[in-house]
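Engineer: Kindly return the folded structure for what I paste below:
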Amino acid sequence: MNSDCPVCGQHYEVEPGLFWGAMYVSYAFSVAISIIFGFGTFFLLHDPDVWVYLAIVISALILFSPFSLRFSRIIMLYLFSGIEFKQNKFN
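Structural biologist: Numbers count the residues shown, from 1 in each chain. Prediction:
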């Protein structure tokens, strides 16, 4: 992730350690993905073996990790940093 916006020059990390909080948001995403795919596996495959659960949940976590990383940082920026989007001539 860039430290500054290439278009408007906004510095993303407004205060030191802002993205440490994004780890907690990313953890919440990982828990939600695990629960969704775990229950989905249970209902679609009717109680398979444990290794099937592990394979499906771990695969889903690996596939959704870029989503989790980016969106957890975006959530931290929008909710807790005080940065407001102002449309300018570049947008």
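Engineer: Spell out the secondary structure type for the residue nearest to the spatial centre of the chain.
Structural biologist: The centroid of the chain falls nearest to Ser68 when counting by Cα atoms, centre = their mean (2.0 Å). Reduced to three states with DSSP: H, G, I helix; E, B strand; the rest coil, the structure at Ser68 is helix.
Engineer: Next, count neighbours for the residue lying closest to it once chain neighbours are set aside.
Structural biologist: Leaving aside its sequence neighbours, Ser68 sits nearest to Phe29 (Cβ to Cβ, 6 or more residues apart in numbering; 4.2 Å). All C-beta spots, glycine's among them, are computed from the backbone N, C-alpha and C. Residues within reach of Phe29, counting by other Cβ atoms under 10 Å, total 19.
Engineer: Quick one: residues contacting Phe29.
Structural biologist: Each residue near Phe29 by Cβ atoms under 8 Å, 6 or more residues apart in numbering is listed here: 64, 67-68, 71-72.
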